[in-house]
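**Student:** Starting from these lines, generate the structure:
(chains A and B)
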There are 2 protein chains.
Amino acid sequence: MSITARRRERVRAVLKGRLGSVVVILEAVHRRHNASAILRSCECFGLHEVHLISGDFKPSKGAARGSERWLEVVGHPDTATCLTKLKGRGFQIYAADLSQGAYTPDTVPISGKVAILMGAELTGVSDEARALVDGFICVPMRGMTESLNVSVAAACIISRIAERKHEAVGRGDLDTARLEDFFSAWEAREEEAAQGMAAREAILPE
Amino acid sequence: MSITARRRERVRAVLKGRLGSVVVILEAVHRRHNASAILRSCECFGLHEVHLISGDFKPSKGAARGSERWLEVVGHPDTATCLTKLKGRGFQIYAADLSQGAYTPDTVPISGKVAILMGAELTGVSDEARALVDGFICVPMRGMTESLNVSVAAACIISRIAERKHEAVGRGDLDTARLEDFFSAWEAREEEAAQGMAAREAILPE
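**Tutor:** As a prediction, this is how the structure comes out:
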């Protein structure tokens, strides 16, 4: 059993629609359920790359729905390392926060590369991150309970920025070399899984 | 201790920004965490009324963040009863679903009263609801994992529709009589709580 042409086409089409210029950073989202829901949203809205600062996170299978297999998930030991690397690659970093004068998902500048940092559920963005980011972003709210669930806030931000960016770039803007690398790695994993399955079938009694 | 003038003003201002013309129906969102996160999003985005068909739901305190106290939450024994009542009040009902030809949060008609129905996490919208709704709505997705967490999907739909409706009506559109009823009920609860607190303080030793 090898990969069908149709599946290859589908994966390639999704990757061609991917945004390389928008990434998400999870600084310290402690609940696996929330972090996994955020990974799932990133993948659904066409992002390619997610950065995790909280060292040893493993996505919870149900909540992530396997989306982590379709993303480049990069781990970092601490906030400064992660943010310095992304700045070095030309990203403008915006932390999700209720700060005065924060941008909204509609007003945040998206002409360049954009990184959105989500802080911890209760304590929010760290002081270290605050000192390093280029600005803040928040979802406009009109209620008495002025706080959204972290995965909900992330989705509202990501969906709108991805939509604006997709409109701006036409389709996707993931670098061709990275797209091909990701595609080849996927093919290799699928072939390996298929061979493993064939080997297991061969030793089963009829 | 009575309610401060500032708090009264704040509550009144939030209620004046409320939308009476957009409601959410939770047909059978089984996980309390998800249902509570949806209530919280409704309140944060300025909705006033949420309908629950899954009979005996109680919001989980953490996830709802007390938002249920700021909403009119209406229970119904079954789908037909709920949808028939809302239709009788002039609501157009759209079910969240990946149907062909579904509206998006940007295209769904919002000139009249709009009800958004969210189905169960795994099984989706019931056949009974499908037969009764006026149309379908889905969040545009571009990934391999074409399914968002139900509370994330709800938030993406609600935030965009509320935003469009707020733009259309200027501020809020909650009926004045309902606004005053809700405000009086809130005042009464606060006064009662304050009296209870004063009584408990009076019997504490100095």
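
**Student:** which SS state does residue A:166 fall under?
**Tutor:** Taken by DSSP: H, G, I helix; E, B strand; the rest coil, the conformation at residue A:166 corresponds to helix.

**Student:** could you measure it against residue B:133, distance?
**Tutor:** With distances taken as Cβ to Cβ, to the nearest Å, residue A:166 is found 29 Å from residue B:133. Quick note: C-beta positions are derived from backbone N, CA and C, even for glycine.

**Student:** Any residues of chain A in contact with chain B? List them.
**Tutor:** By Cβ under 8 Å from any Cβ of the partner chain, the part of chain A that sits against chain B consists of A:10-11, A:14, A:17-18, A:33, A:37, A:40-41, A:43-46, A:63, A:65-67, A:70, A:139-149, A:151-152, A:155-156, A:159, A:162-163, A:166.

**Student:** So which bits of the longest helix along chain A are buried?
**Tutor:** Scanning chain A for the helix with the most residues, using DSSP state H, yields helix A:176-202. Residues of helix A:176-202 classed as buried: A:179, A:182, A:186, A:190 (neighbour count, 16 or more other Cβ atoms under 10 Å in any protein chain shown).

**Student:** Same question for stretch A:85-98.
**Tutor:** Under the neighbour-count criterion of 16+ other Cβ under 10 Å, stretch A:85-98 has A:86, A:87, A:91, A:92, A:93, A:94, A:95, A:96, A:97 buried.

**Student:** any residues touching it, and which ones?
**Tutor:** With contact meaning Cβ atoms under 8 Å, 6 or more residues apart in numbering or on different chains, stretch A:85-98 is reached by A:23, A:25, A:51, A:76, A:83, A:103, A:108-109, A:112-119, A:124-125, A:129-130, A:132-139, A:146, A:153-154, A:157.

**Student:** what about burial for those, which qualify?
**Tutor:** Buried members of these, counted by 16+ other Cβ under 10 Å: A:23, A:25, A:51, A:76, A:83, A:108, A:113-119, A:124-125, A:129-130, A:132-133, A:136-139, A:153-154, A:157.

**Student:** from those residues, which ones fall inside helices?
**Tutor:** Cross-referencing the buried ones among the contacts of stretch A:85-98 against helices under DSSP H gives A:83, A:129, A:130, A:132, A:153, A:154, A:157.

**Student:** pretty sure the second one is in contact with residue A:81, am I right?
**Tutor:** No: Residue A:129 is beyond contact range of residue A:81, at 11.8 Å (criterion: Cβ atoms under 8 Å).

**Student:** hmm, which helix or strand of chain A has the shakiest average pLDDT?
**Tutor:** Between all helices and strands in chain A, the lowest mean by mean pLDDT, DSSP states H and E belongs to helix A:61-64, at a mean of 62.

**Student:** Restrict the residues of chain A next to chain B to the buried ones and give me that as a ChimeraX selection.
**Tutor:** A single ChimeraX command selects the buried members of the residues of chain A next to chain B (16+ other Cβ under 10 Å):
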select /A:11,14,17,18,33,37,40,41,43,44,45,46,63,65,67,70,139,140,141,142,143,144,145,147,148,149,151,152,155,156,159,162,163,166
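
**Student:** Identify those among the residues of chain A next to chain B that sit within helices.
**Tutor:** A:10-11, A:14, A:33, A:37, A:40-41, A:43-44, A:63, A:151-152, A:155-156, A:159, A:162-163, A:166.

**Student:** Find me the pLDDT at residue A:14, would you?
**Tutor:** For residue A:14, the pLDDT comes out at 95.

**Student:** residues in contact with it?
**Tutor:** Residues counted as contacts of residue A:14 (Cβ under 8 Å, 6+ apart) are A:46, A:70, B:142, B:143, B:144.

**Student:** and the last one, what does it touch?
**Tutor:** Residue B:144 is in contact with A:10, A:11, A:14, A:43, A:67, A:70, counting by Cβ under 8 Å, 6+ apart.

**Student:** Against residue A:47, how distant is it?
**Tutor:** Residue B:144 is 12 Å from residue A:47, by Cβ to Cβ.

**Student:** Identify the bridge partners of residue A:115.
**Tutor:** With DSSP bridges as the criterion, residue A:115 is bridged to residue A:23, residue A:93.

**Student:** is it true that it touches residue A:21?
**Tutor:** No: Residue A:115 sits out of contact with residue A:21 when judged by Cβ under 8 Å, with a separation of 9.7 Å.

**Student:** can you count the residues close to the residue nearest to residue A:138 when sequence neighbours are not counted?
**Tutor:** In space, and not counting its chain neighbours, residue A:138 is closest to residue A:102: 4.3 Å by Cβ to Cβ, 6 or more residues apart in numbering or on different chains. Neighbour count for residue A:102, taken as other Cβ atoms under 10 Å in any protein chain shown: 18.

**Student:** residues contacting residue A:102?
**Tutor:** Contacts for residue A:102 (Cβ under 8 Å, 6+ apart) come out as A:135, A:136, A:137, A:138.

**Student:** would you list these in JSON lines and tack on pLDDT?
**Tutor:** Formatted as JSON lines, these follow (pLDDT from 0 to 100):
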{"residue": "A:135", "pLDDT": "96"}
{"residue": "A:136", "pLDDT": "96"}
{"residue": "A:137", "pLDDT": "97"}
{"residue": "A:138", "pLDDT": "94"}
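
**Student:** related to what we said a few turns ago, make CSV out of the contacts of residue A:14 and add distance to residue A:4 and pLDDT.
**Tutor:** Below are the contacts of residue A:14 laid out as CSV (distance: Cβ to Cβ, whole Å; pLDDT from 0 to 100):
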residue, distance to residue A:4, pLDDT
A:46, 23, 96
A:70, 18, 92
B:142, 21, 92
B:143, 19, 92
B:144, 15, 91
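
**Student:** All set, thanks.
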